[in-house]
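Compute the structure for the input listed below.
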Amino acid sequence: MATVLITGANRGLGLELTRQYAARGWEVIACARRPEAATDLTALAHASGGRVALERLDVTDHKGVDAAARRLAGRPIDVLFNSAGTMGRGSRVGAGFPASRFGEIDYADWEEIFRVNVEGPMKVTEAFVEHVARSAGRKVVALSSVVGSIASNTSGGLYAYRASKAALNACMKSLAIDLGRSHGLVVAMLHPGWVRTDMGGPRADIDAPESVAGLLRVVDGLDAEKSGRFWRYDGSELPW
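Numbers count the residues shown, from 1 in each chain. All right, here's what the predicted structure looks like:
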């Protein structure tokens, strides 16, 4: 049976990823900073017939990430899904991203965004690379964003979030080269679309089930030729 590990599984796209992978019959290792407070995730796990296992994991706690990898030692992971992410303090569409306006940048918040969005996926991939290499699937993916595409930036703003997603893409591109050579892994970056979640706001284009259904189709189709590239949830490719 195939296994997926999902970070940030307690809400939004991470929760929907957990739901849809479990519905497929996959074993899901659903990671959250505080599983005891993740009521929707806990309910999903209880209803899954044992397919969803909760794991405590904060992507910014590197010792904790290593501890989780040790707890799961020897467990093959077909897809490592780096879903955890943040737009920063108070960043919701309706709030206008107050910590990311030019002249008002909250640099402590900027550092936290990078810890979650860039260092987090890098550390999780380092910790779990052997688990993925042990599997049949051998895929590492990260939720990025179209705002990380420099070529697509026509509106400006969102300095820290844009920079973090561009940096994430750069890291994943290098991992695609290095882990492809060393472990035969496929690595890709995914844009989920503008999704109606707490982060995306109620006016977004699509809902989480539509986004995740598309993301899963993209992940299913990943191979060595598609590794190191940046994909929309609809299967089209994004420019850098």
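
what sits against the residue lying closest to P192 once chain neighbours are set aside?
The shortest distance from P192 to any non-neighbouring residue, by CB to CB, 6 or more residues apart in numbering, is to S211 (4.6 Å). Yep, even glycine has a C-beta here, placed from its N, CA and C like the rest. Residues in contact with S211, defined by CB atoms under 8 Å, 6 or more residues apart in numbering, are L13, E16, P192, G193, V195, Y233.

Just give the number of residues close to the first one.
Using other CB atoms under 10 Å, L13 has 27 other residues around it.

Pretty sure it sits in a strand.
No. Read with DSSP: H, G, I helix; E, B strand; the rest coil, L13 is helix and lies in no strand.

pLDDT at the residue nearest to P192, what is it?
We have a pLDDT of 95 for S211.

Need the nearest residue in space to R217, chain neighbours excluded.
Counting by CB to CB, 6+ apart, the residue nearest R217 is G235, at 6.6 Å.

can you check G120 too?
The nearest residue in space to G120 (CB to CB, 6+ apart) is V59, at 3.1 Å.

what pLDDT does A95 get?
With respect to pLDDT, A95 has a value of 52.

who's in contact with the residue positioned nearest the centre of the chain?
Taking CA atoms, centre = their mean, the centroid of the chain lies closest to S83, which sits 1.9 Å from it. Residues counted as contacts of S83 (CB under 8 Å, 6+ apart) are I6, T7, G8, A9, L13, G14, L17, L143.

Just the ones of these in strands?
Using DSSP state E, the members of the contacts of S83 that fall in strands are I6, L143.

what two of the contacts of S83 have the greatest distance between them?
A9 and L143 (11.9 Å; CB to CB).

Neighbour count for those two, which is higher?
A9 (34 against 27).

got the contact list for that one?
L15, L17, T18, V28, A30, C31, A32, A38, L41, S83 are the contacts of A9 under CB under 8 Å, 6+ apart.

Assign the residue nearest to R217 to helix, strand or coil.
G235 is classified as coil under three-state DSSP.

And it, how close does it get to P121?
22 Å (CB to CB, to the nearest Å).

So which of the two has more stuff around it?
When neighbours are counted by other CB under 10 Å, G235 and P121 differ, and P121 comes out ahead with 28 against 11.

so what's the more buried one up against?
T7, V59, N82, A84, A142, L168, C171, M172.

Please narrow these to those residing in helices.
Residues of these located in helices (DSSP state H): L168, C171, M172.

residues near the closest residue in space to the second one that isn't next to it in sequence, how many?
Taking CB to CB, 6+ apart as the measure, C171 lies nearest to M122, with 5.3 Å between them; neighbours along the chain are not counted. Residue neighbour count, defined by other CB under 10 Å, stands at 19 for M122.

same check, this time on the one 3 residues further on
Counted with other CB under 10 Å, the burial measure for T125 works out to 21 neighbours.

Next one, pLDDT for it please.
The model's pLDDT for T125 equals 98.

now swap in V195 and tell me
Looking at V195, the pLDDT reads 80.

Mind listing the residues bridging to it?
I206 (DSSP bridges).

so what does the lowest-mean-pLDDT helix or strand in the chain touch, helix or strand wise?
Least confident helix or strand, the chain: helix 107-114 with a mean of 94, by mean pLDDT, DSSP states H and E. Judged by 3 or more CB pairs under 8 Å, 6 or more residues apart in numbering; DSSP states H and E, helix 107-114 is in contact with helix 159-183.

Mind giving me the packing neighbours of the helix it packs on?
helix 107-114, helix 120-133, strand 139-143, strand 186-191.

one more time with 10 Å, if that's ok
helix 107-114, helix 120-133, strand 139-143, strand 186-191, strand 230-232 (3 or more CB pairs under 10 Å, 6 or more residues apart in numbering; DSSP states H and E).

Perfect, I'm done here.
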